[in-house]
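Chemist: I'll drop the sequence and a predicted model, then ask my questions.
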Amino acid sequence: MNKTLNNVTISKKTNYRWVICSMLFFATTINYLDRQVLSLTWKDFIAPEFHWTNTHYGTITALFSIFYAISMLFAGKFIDKMGTKKGYLWAIGIWSVGACLHAFCGILTSGITTGQWLVGFAGAREAIEMFGDTTVIVSVSVTLFIIARMILALGEAGNYPAAIKTTAEYFPKKDRALATSLFDCGSVVGALAAPVTIPAIAEHWGWEMAFLLIGALGFIWMGVWMVVYKKPHLNSRVNSIELSYINQDGQDTKKEEEKVSYLQCLKYKQTWAFALGKFLTDGVWFFFLFWTPAYLSAVYDIKSSDPKGQLAIFMLYLISLISIVGGWLPSYFVDKKKMNPYDGRMKTMLIFASFLLVALLAQPLGHYSYWLPIIFIGISMAGHQAWSANIFTTVSDMFPKKAIGTIIGIGGMAGGIGAFIINKSSGVLFDYADQTQMTFMGFKGEEAGYFIIFSICAFSHLIGWAVMKSLVPKYKPITDL
């Protein structure tokens, strides 16, 4: 943008980097919408049809987490190799296909178990209902959903490596946590939109259409991304002033074409700090994401299709938008308190790690009103999201751009393993607690199981922060990679 004053042309800084940030936001929104469809439909729509228990659902979500973990390891490397534009297109294309494939699991289950292949969604439900062997129905349907989740995980694993790499391309270090927290709000907005759309679609048109309609959004995003994205120095919409602002930290002196290996990255304590921080905390977010609708149904008999259930989940994620402050706070510490980016980030992470302690109150105070657990879980999720935005940007603070995707992949794999452990353990624990009417700290049955997991979630981030701080006590960027 130019302005003429006394026949002298004065250029103003363009702000195209925020257009790119908005694309990352919408991609993350779609990512979490696709991820939420199963958690909002399994208890009330899918489980009665296929005779699933908590253990079956826990197995599916746990395997999704481990597929996601393994895929993250290779997705980061893939994004570094392909570049952000092509890599992102591949990622969202694969996960959109995987999301849509869930819709056909019923028809495939009908075909495999009853031999009736040429049926619609309603016909498949009728054939499955008439088939007497529920053990076979469970086995086949769970296997098919696991395959669909595997494809979804393969694609979704590319979202964060691609988004963080794009952020490093378009933002200076001091602004990356803010940009990351803004695009990461897509996960919250996706989760906000999910309870008011997905159960309604499932109620009126069947759970299959929920997967199809939400899955199709990714293909629309792909068309827009092909038009709007170019690297900053090749983008005509980025003028020289904005480009100088983006590159204020200096550019990597080594050629971007040079690649780094996993073994090279694992030599650094900074890699291990990021990976262990993700391992100890990612499972908390996945637990709340996958199990909160089931928690409301099991403990308070509030279905995801009920208006008050939809409102409760909506408010849960609305509260978690507090996490936006977590993106702004490091910039405040850097600009006003003159901290280096890493110190400002770690101080922010400690503050928000403390937010999760309120999870300890969710179950004890829940007998007054189900709104109290919703508030406390929402605050815990806000703490996690603020933590997440900052732990991601510790990578771009300390590693050269050519290694960011690879490091994010390593940490993502570690986080996925943590999520696998908590999701699988939760499903088994909840069924065991329900069947044996287990008691713990005054709670009985499934409520006792949920209190145990809430307690684990409460301390996970503080432990993660202590581990990271012990490995990397001071800011130390990598210069020899």
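Modeler: Structure's in. What do you need? Quick caveat: nothing in here was measured; it's all calculated off a predicted structure.
Chemist: Tell me the buried residues in the helix or strand containing Phe454?
Modeler: Using DSSP states H and E, Phe454 sits within helix 446-471. Neighbour counts over helix 446-471 (16 or more other CB atoms under 10 Å) mark 446-454, 457-458, 460-462, 464-465, 467-468, 471 as buried. Yep, even glycine has a C-beta here, placed from its N, CA and C like the rest.
Chemist: residues of stretch 46-64 that come out buried?
Modeler: For stretch 46-64, the neighbour count (16+ other CB under 10 Å) marks 46-47, 49-50, 52, 54-64 as buried.
Chemist: what sits up against that stretch?
Modeler: Contact partners of stretch 46-64, identified using CB atoms under 8 Å, 6 or more residues apart in numbering, comprise 38-39, 42-43, 106, 109, 125, 128-129, 134, 137-138, 141-142, 145-146, 149-150, 152-153, 207, 286, 290, 294, 419-421, 423-428, 430-431, 434.
Chemist: Using PDB, write out the CA atom coordinates for it.
Modeler: The C-alpha coordinates for stretch 46-64 follow below in PDB (Å, rounded to 0.1, in the frame of the first residue of the first chain):
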ATOM      1  CA  ILE A  46     -23.000 -45.400  16.700                       C
ATOM      2  CA  ALA A  47     -22.600 -47.500  19.900                       C
ATOM      3  CA  PRO A  48     -26.300 -48.700  19.900                       C
ATOM      4  CA  GLU A  49     -26.000 -49.800  16.300                       C
ATOM      5  CA  PHE A  50     -22.700 -51.700  16.700                       C
ATOM      6  CA  HIS A  51     -23.000 -52.700  20.400                       C
ATOM      7  CA  TRP A  52     -19.800 -50.900  21.400                       C
ATOM      8  CA  THR A  53     -18.600 -50.400  25.000                       C
ATOM      9  CA  ASN A  54     -16.200 -47.800  26.500                       C
ATOM     10  CA  THR A  55     -13.400 -50.300  25.900                       C
ATOM     11  CA  HIS A  56     -14.200 -50.500  22.200                       C
ATOM     12  CA  TYR A  57     -14.300 -46.700  21.900                       C
ATOM     13  CA  GLY A  58     -11.200 -46.400  24.000                       C
ATOM     14  CA  THR A  59      -9.400 -48.800  21.700                       C
ATOM     15  CA  ILE A  60     -10.400 -46.900  18.600                       C
ATOM     16  CA  THR A  61      -9.300 -43.500  20.000                       C
ATOM     17  CA  ALA A  62      -6.100 -45.000  21.500                       C
ATOM     18  CA  LEU A  63      -5.100 -46.500  18.100                       C
ATOM     19  CA  PHE A  64      -6.000 -43.200  16.400                       C
END
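Chemist: Backbone torsions only: list them for Asn247.
Modeler: Recorded main-chain torsions at Asn247 are phi -100, psi 20, according to degrees, to the nearest 10.
Chemist: In contact with it: list those residues for me.
Modeler: Listed by CB under 8 Å, 6+ apart, the contact partners of Asn247 are Pro172, Pro232.
Chemist: Quick check: pLDDT value at it.
Modeler: Looking at Asn247, its pLDDT stands at 87.
Chemist: just the one 4 residues further on next, same as before
Modeler: What the model reports as pLDDT for Gln251 is 58.
Chemist: Also the one 10 residues further on?
Modeler: In this model, Ser261 is scored at 83, pLDDT.
Chemist: Can you report how many residues lie near it?
Modeler: For Ser261, the count of nearby residues is 10 (other CB atoms under 10 Å).
Chemist: Leaving out sequence neighbours, find the closest residue to Val428.
Modeler: Closest residue in space to Val428, ignoring its immediate chain neighbours: Thr55 at 5.8 Å, by CB to CB, 6 or more residues apart in numbering.
Chemist: I meant Leu276, not that one.
Modeler: Distances taken as CB to CB, 6+ apart place Val467 nearest to Leu276, at 5.0 Å, with adjacent residues excluded.
Chemist: again with Ile214
Modeler: Distances taken as CB to CB, 6+ apart place Leu33 nearest to Ile214, at 5.0 Å, with adjacent residues excluded.
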